[in-house]
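# okay, here's the prediction I keep looking at, along with the sequence it came from:
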Amino acid sequence: SRKRADRAMGEAKGDVLTKGVKELLSVLDTFELSRQGFPKDSLTAGEAKIVDSFSQVESDMLDLLKQQGVEVIEAKGTGFDPLRHEAVQMKASDEYEDGVVCLQYQRGYLIDGKVVRAASVVVSSGPGPSKPPPSDGVGAEGDEEK
């Protein structure tokens, strides 16, 4: 029927878009990593121009992807969601509660609400172990070595 053919055509277009987007994501990742490779506080004028160029190309690519229905998954500071995030590590954090994404290694993306690539993240395990009180050399009763 006509409806089934239209639905199949829409799914095929979506598959082609998803494949193309996945291929572009690796290029986008390269720009992001290249930009991050420069120390922010000690750039020469030439390095600053390179970083600005990387940032502009990255921004243009993100805008182009957005026009195609692609959304960035904002992960840092959000609760861990196994459907949108790929946890690569757990880490103690005094800044983030248990189960909250505290660091993002790689962006994740959605197309029409469907995950194209999960964000690669570090998830907080909450505050680390508390530091023991300073020892004054005197053991409590019953703590003496025998």
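That came in fine, so what should we check first?
# OK, contacts around the residue nearest in space to the middle of the chain?
The residue lying closest to the centre of the chain (CA atoms, centre = their mean) is Gln104, at 3.2 Å. Shown in contact with Gln104 (CB atoms under 8 Å, 6 or more residues apart in numbering): 75-76, 119-122. Where C-beta positions appear, they are placed from N, C-alpha and C, glycine not excepted.
# average pLDDT for whatever helix or strand it lives in, rounded please.
Per DSSP states H and E, Gln104 falls inside strand 101-106. Across strand 101-106, pLDDT averages out at 94.
# mind giving me the packing neighbours of the helix or strand that comes right after it?
Using DSSP H and E, the helix or strand that follows strand 101-106 in sequence is strand 108-111. Under the contact criterion of 3 or more CB pairs under 8 Å, 6 or more residues apart in numbering; DSSP states H and E, strand 108-111 touches helix 2-36, strand 70-73, strand 114-117.
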